[in-house]
Every structure is written in structure tokens, then in C-alpha cells.
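Participant: Just a sequence and a predicted model for now, questions to come.
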Protein chains: 2
Amino acid sequence: MGTNGLKETCCHSAMMACFQNLPEDRNPLSTQAPPTLSDVARHAGVSTATVSRCLNFPDKVSAATRDRVLSAVSELGYTPNFGARVLAAKRTNTIGAIIPTMENAIFARGLQAFQEELEKHGVTMLVASSSYSQDIEEQQIRTLVSRGADGLLLIGAHRSEAIYDFLERQQIPVVLSWVYRPDLKPFSVGFDNCIAMEELTRKVLELGHRKIAVISAPTANNDRAYQRVLGVRQALQSAGLDPAELLIRETPYGIDEGAEAFREIMAVQDRPTAVLCGNDVLAAGAMRQAREMGLSIPDEVSVTGFDDIQLASIVSPALTTVHVPHRKMGAEAARTLVRLVKGERDVSKSLRLDTTLHLRGSLGPVTGRT
Amino acid sequence: MGTNGLKETCCHSAMMACFQNLPEDRNPLSTQAPPTLSDVARHAGVSTATVSRCLNFPDKVSAATRDRVLSAVSELGYTPNFGARVLAAKRTNTIGAIIPTMENAIFARGLQAFQEELEKHGVTMLVASSSYSQDIEEQQIRTLVSRGADGLLLIGAHRSEAIYDFLERQQIPVVLSWVYRPDLKPFSVGFDNCIAMEELTRKVLELGHRKIAVISAPTANNDRAYQRVLGVRQALQSAGLDPAELLIRETPYGIDEGAEAFREIMAVQDRPTAVLCGNDVLAAGAMRQAREMGLSIPDEVSVTGFDDIQLASIVSPALTTVHVPHRKMGAEAARTLVRLVKGERDVSKSLRLDTTLHLRGSLGPVTGRT
DNA sequence: AAGGACAATGTAAGCGCTTACATTTTTTTA
DNA sequence: TAAAAAAATGTAAGCGCTTACATTGTCCTT
């Protein structure tokens, strides 16, 4: 005890740079308006056009003037005025993204990759989240457009015709993600939810499961959820089973919701031996509930997810799920959108990414025990 | 089999509204420039000033004209030009947020709440992530400022004086979050990382643990991480123990990183009985590794986290962690920032939120077994 | 050495909106 | 009912930047 550098108390460690103790009025600059392009021009003894060119097309200007201008810029601490630039150039270099939620990790990875890619092209990202509500999403779309978003990333394809019309009239390039829909006019960069889920279901059937339940997000306004359920149905049908017997429980995405849905599903007489969840979060909830009910996974009941977020490899047993290439999807969507915004109509087209089945401990063969 | 609505195949379900099958050139409007304020004015037979007023201060205009203008607006499908508005009004109604990462859930909840609150005030959020790099963060700050962010949300307090100077010169209101630092000039809305961790450590000591290890994020550029470690040290010292004996392993945030760090820590001769992790993600990694090594939690080793994200209640056993009021923090930060941007200097001040200990299964008393 | 080609720079017209101020219309007051 | 006050509307000057076009300066070419 009583050692070295421990004098610092919680709130006063010396490691911080900050402006504590500075008198309010210390900085005379702080009351002045920020410098403008013409201030820089005057300072450098050139015209505003030259300064502008120097900033936007450096090689259209002689080295000598460039140096003079740039040093004027840094001397004055000049930053271009965004509004003016937008107004004059008619481009904001901003792209909007509207995702259903930021609260769980489902969209986070993809969005991060999306942003990183945009950044490489000098584009900034505006984000809004719609809480899985179609109305909120439409309002967000209008907001982002009026904020000057040059393009928009949207999740899924299901929305009103009115809003698609609006986007078309405003000539805003749109990329749909998390779905692959080459039949639609807006480009999509994503995967086929239906096929992915069909593949998973086929595997489940192979393992002998016949009594199957699904916990899905509400399918009414969510085409991803809808397609996933459809995938299960199609797999059943192809296997000669009656899709009508499929037990489906819809509930909002969430751990607790997943748990509750699982509880209800397992309360029926003839318990399913496999519960396919619409995403990993629901699955995690289901698994928690199974533990609580003393049901062993996968011996007594198998559980699967969708998305393959971190959660999936952390739960015990690890979750069998459909791996979605989130980062790649985000990056590709960004690339497509940037191209569209630049007006390269021909180059881009819808891109289909593959999902892969990740088989882990939560899915096992049907056993006698139940 | 062979039931009802199953005709729809994956990619052609009828539920979607879209613009498939529309000829490219169908819409004559699409080549015209979007309508401007003066188009609306002409259409409604008033001046541009009246239209502007009508949109911004509806009650400064008579009901009759208002109706006329509004119907002109909707007839023409007018949307204000963002750049022009910004240029003229000198406000973007946009606030920027720079977070270390979007990839895990740590900042997601807070950010979501932040955005929702901003939205209530008609403010849009710009997001960027810095990948925990100080340089990237500073560049992002400059970008967002030049994009016209009216204010900025930053995580933590540790950054260069140069950038704080820049923000002050640009007169950009800043709110720091995830920390509580009333000693600094920028307002902070957050909690005291040090005290929170000190409290947790005290609890760990109470349970008899003496050999303690810490897995922390790199503390060099991360004041939250630094303060958390400091908290552990202070608790040890208060308990009359020698903080120098504390085993500290720094590693980037991540599940795998946490696992690896845990492996290394448990490889030493005199194994610790408790491993305190800098956040829940690291802790989840540590727990996974413990399982792999056949170490029982909490009998052979206790593990704790920080943040209380969803993960914490999903892992098994559930994770003892420090609960951070993410949503409240985000919302309050937004409120403070909005007030600052509006120029209400006096009203706002730094806000300290309380963290609470969530004791769960991953932390237990020291046992003979080791 | 004169003419032309090209590079470097300057001039100035907007971009679409807000808002101070001027003007007109309506309402109130005596 | 006329004058004063208040409300509604119009006029027009920017906001800070980009860019088409005009001008000037440089360097070849013949």
C-alpha cells in the first residue's frame, strides 16, 4: 500500500487537456464572425475564385499561389461554410441511412461499415432510426431529403408507393439493403431472406424435426420478417409437410419478447422440438427462457437464430444461425450509393450477397426425450 | 400440404409497393428542377417573404393566406432547400455525435435515446465513429463542424488542447458524455467512472477476493478506461492493499480480445480469484474463455463487467456489472445540447447520473477451490 | 518576332432562403 | 368616423460559396 502515482483522485487526474480555469472572455476571437472565403482571398492577395479553386481543385492553381492561399487558410483558421457550399454546388456530400433500430447490434455492424466506406469517398452519414414503424420511417425519409441528403440507404423494401414516388420525384438515389430484390427499381444490396431461411429449415428437417415453431417479428410491415417466415413455409412444403401446421408467434424484436414468446409456445400440449427465431435477439431470449424452464438445449428443444451477431457465439450452447455478411453488405451498399449519387447510372446494379448457415450447439437431432 | 397462400415465391410476394415496371421516362416532372420558394409564392400569389413566414412562423400570417400558401406547397410538392436555409438562417438544426464505435451495443442505446430526444426538438443527428482513435476523432470533429453541426456530443474528455481550442473558436457547444467532469469547461452529462468501479471493487473485496486482475481497454487515450482502473486501485488502497500487486492487462474492446486476455491472465502461477473487466464485452469474452478452459464461474473465478448491456443478462451465469443509465444519459445529453445551441447558457450545467451495481451470478465469494 | 495555344487568375452572376425595414391593410379607440 | 395602433404583406439586401466566362500572362511554333 501507499505506493506511487496514486495521489490523483477520481475527478482530477492530470491526464486531461481541457480549458478549465480559462476566463470566459479570454479569447478575443470568440466574438468575431468566422472568417469567410473572401477574408482568405484578401489575406492571400487573390480573388475568391482562386481560393475556391485552390480548395476544390488544387492542381488548377500554381504552386506559388496555392502555398500562399493555404497558409492564409490556416492562419485565419478558415473553415468553409457548409450551407453556402451546398447552395452553390448543389451537393451536400451527405448520405442518409434509416435503420429500424440502433438499440441492438443487428444493424450496427453494417452501419459502421457503411459509414467507413462513405468516409473514404468524403461523404458523411446522417442516421435516423424508425423504431420499426412505417410512418416514422416515411417522415424520416422526408426529413433527411429536406436536409439535403444526396442519397438514402433504406432497410427492406416494404413501404408505401407514395414515398417511393416522392423519392423518385426528388431524384434521390436509393439503395435498399438487408434484402435482395432485383425486381424493384431501386437497387438493392443484400441477401434473399426467404432462401436463407429455407436453407436453415431444410437442415432442421434433416435432423428429424417435424414439430416446428417460429418466433418472428411482426410481418405486416416488415418484408424481411415476412420473407423469413415464407422461407420456413416453403421448406416445409417442399418436404411434403403441411405449412398450416407451423406454429407462428409474432412479437417485436427483443430479448424479453423472445423469452415470453418461447414460454407461450412451449406451453402447448404438443411441444415443438425446434423453435426457429426471426433473429438472434429473439433466439437469445428464447434460450434464456429455456434455461429458466429447465429445458435442455438442444436435447429437449433446438433453437435457431438469424443474423449471426456477437450474441450468437456467446450464448451457451452457441447459437445455430444464418450468418449475414453485415460488413460487406454495408460497404457495398455505400459503394453503390456513392456511384449512383455521382450519376454513374449504368455501372451499378443490385448485388446479391450470400448468407451461410452457421451450425452450432443450439441445434441438434430430435431425440426421444421431450 | 398444398394449402392456401403459398403461391407467392420468394422474390415476388405481392405485399410490396414499388416502382417495378415503370418506364424510365414516365414521369415528366423528373427532369425539372425542384420547385423553389418563389415558385410557391407565384403559385399562391404572394411574396416570397410571406411564404417563408408561413412555413417558419405560421401565426404571423393570416389564416386565408396560410391556406393558400400551404395548398400551393403541397400542389407543387415543395421542399425547402436545406443549403439555402442554412446559409440564410445560420443554423443547421443538426447536431453531431462522435462515438468510439457502433459495432457493439455499448453506445447504441445511448445514441438511440440521444437521437430520439433531438428529434423531438426538430434536430437531426449526424454520426461518426472514431474507432477509439484520437486522431480520427479530431478529424471527425473538424468534418462535422465544417458540415455545419450546431453542436457536438463527444464521448469522454481526453483530447488535445488544440481541438478544444478549435471548438471554442468556432463557438460550437459541446457536451461530453460517458463521463462526469464538472471541473471542465465543456458540460458533461454522465457518470463517474472511477467511483463506479471503486464501488464494484469494494464489493469484490467484501466477498473475500484478494488476488484480483483487471482487463481494461488501453488507458492511454481513453479516460473512461483510465478512471475505471483508477477506481480499482483506490478501492484496493482504501482497503489497505497494495495497488501495485494488481494484475492489469490492456487490450482493445472485443470478445476475442477479452478471451485472449483472460487466457493470459489465468496462465500465471498464482491465479487471481476475480477478474474485473473494463466492459461487458471483454467480460463476455473472458467468460467464454473460462468455459473453454473448464473453469467454473463463480466457483473458481469470478468475472465482472461494466455497462450492463443486453449481453450481461444473457450470458450464463449472468454477469455482475455496473449498470449505466444509457438511455437517460443520451436523452439528457441531447436536452443539454439543444439548450446550449439555443443560447441558453445559464440554464444548463453538467449533470451527474448514478450508476448502480447489478449483482448477478458471475460474482461469488472466494472458495477453497481454485 | 508575331500569332496562337494554353495555363493562371479575375469578374461577377447566381444558388434559394431569411429577415430588417417599408408599405399596405385591418382593427381598435376616442 | 377619423386617427392611431396593430397586423399582414411586400421589397430587397444579403448569407458564403461555386463556376461560366472574360482577361491576362507564358510559352511555343513557324
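Facilitator: The structure has been received and is ready for your questions.

Participant: Every contact and neighbour count from this point should use C-alpha atoms.
Facilitator: Will do.

Participant: Spell out the secondary structure type for A:R91.
Facilitator: The three-state label for A:R91, taken from DSSP: H, G, I helix; E, B strand; the rest coil, comes out as coil.

Participant: What pLDDT is listed against the residue in chain A positioned nearest to DNA strand D?
Facilitator: Closest residue of chain A to DNA strand D, C-alpha to the nearest atom of the strand: A:L37 (2.9 Å). As predicted, A:L37 sits at a pLDDT of 91.

Participant: Which residue, other than its chain neighbours, is closest to it?
Facilitator: A:T48 (6.2 Å; C-alpha to C-alpha, 6 or more residues apart in numbering or on different chains).

Participant: Now do the buried residues in stretch A:214-225.
Facilitator: A:214-219, A:221-225 (16 or more other C-alpha atoms under 10 Å in any protein chain shown).

Participant: among the residues you listed, which two are most distant?
Facilitator: Pairwise distances across the buried residues of stretch A:214-225 peak at 17.6 Å for A:V214 and A:N221 (criterion: C-alpha to C-alpha).

Participant: Could I get the full set of strands for the stretch 201-350 of chain A?
Facilitator: Remark: strands assigned in the stretch 201-350 of chain A by DSSP state E, counting those that start in this stretch are A:212-216, A:247-250, A:274-277, A:302-304, A:321-323.

Participant: Return the most buried member of the ones you listed.
Facilitator: Mean neighbour counts were compared across those using mean count of other C-alpha atoms under 10 Å in any protein chain shown; the top stretch is strand A:302-304, at a mean of 30.

Participant: Which elements pack onto it?
Facilitator: strand A:274-277, helix A:280-292 (3 or more C-alpha pairs under 8 Å, 6 or more residues apart in numbering or on different chains; DSSP states H and E).

Participant: Of all these, which one is nearest chain B?
Facilitator: Nearest to chain B, of all these, is helix A:280-292, at 6.6 Å by C-alpha to the nearest C-alpha.

Participant: near DNA strand C, which residues of chain A show up?
Facilitator: Proximity of chain A to DNA strand C, by C-alpha under 7 Å from any atom of the strand, involves residues A:45-50, A:59-62, A:64-66, A:84, A:87-88.

Participant: Okay, and which of the residues you listed map to helices?
Facilitator: A:48-50, A:64-66, A:84, A:87-88 (DSSP state H).

Participant: quick one on the thing from earlier: put together JSON lines for the strands of the stretch 201-350 of chain A, with mean pLDDT on each row.
Facilitator: Shown next, in JSON lines, are these (pLDDT from 0 to 100):
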{"stretch": "strand A:212-216", "mean pLDDT": "97"}
{"stretch": "strand A:247-250", "mean pLDDT": "96"}
{"stretch": "strand A:274-277", "mean pLDDT": "98"}
{"stretch": "strand A:302-304", "mean pLDDT": "98"}
{"stretch": "strand A:321-323", "mean pLDDT": "98"}
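
Participant: of all those, which lies closest to A:I106?
Facilitator: Of the strands of the stretch 201-350 of chain A, nearest to A:I106 by C-alpha to C-alpha is strand A:321-323, at 11.5 Å.

Participant: tell me what that closest one is packed against?
Facilitator: helix A:193-206, strand A:356-358.

Participant: so what's whatever residue of the stretch 101-250 of chain A ends up closest to DNA strand C up against?
Facilitator: In the stretch 101-250 of chain A, the residue found nearest to DNA strand C is A:S146; the distance is 9.4 Å by C-alpha to the nearest atom of the strand. The contact partners of A:S146, by C-alpha atoms under 8 Å, 6 or more residues apart in numbering or on different chains, come to B:79-82.

Participant: JSON lines for those, including neighbour count, pLDDT and secondary structure?
Facilitator: Below are these laid out as JSON lines (neighbours: other C-alpha atoms under 10 Å in any protein chain shown; pLDDT from 0 to 100; DSSP: H, G, I helix; E, B strand; the rest coil):
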{"residue": "B:T79", "neighbour count": "18", "pLDDT": "84", "secondary structure": "coil"}
{"residue": "B:P80", "neighbour count": "19", "pLDDT": "88", "secondary structure": "coil"}
{"residue": "B:N81", "neighbour count": "19", "pLDDT": "86", "secondary structure": "coil"}
{"residue": "B:F82", "neighbour count": "20", "pLDDT": "84", "secondary structure": "helix"}
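
Participant: Save those as CSV, and put in distance to B:R181 too.
Facilitator: Shown next, in CSV, are those (distance: C-alpha to C-alpha, whole Å):
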residue, distance to B:R181
B:T79, 42
B:P80, 40
B:N81, 40
B:F82, 36
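
Participant: Let me know the closest of those residues to chain A.
Facilitator: The closest of the contacts of A:S146, once distances to chain A are taken by C-alpha to the nearest C-alpha, is B:F82, at 5.1 Å.

Participant: What residue, apart from its backbone neighbours, is nearest that closest one spatially?
Facilitator: The shortest distance from B:F82 to any non-neighbouring residue, by C-alpha to C-alpha, 6+ apart, is to A:R147 (5.1 Å).
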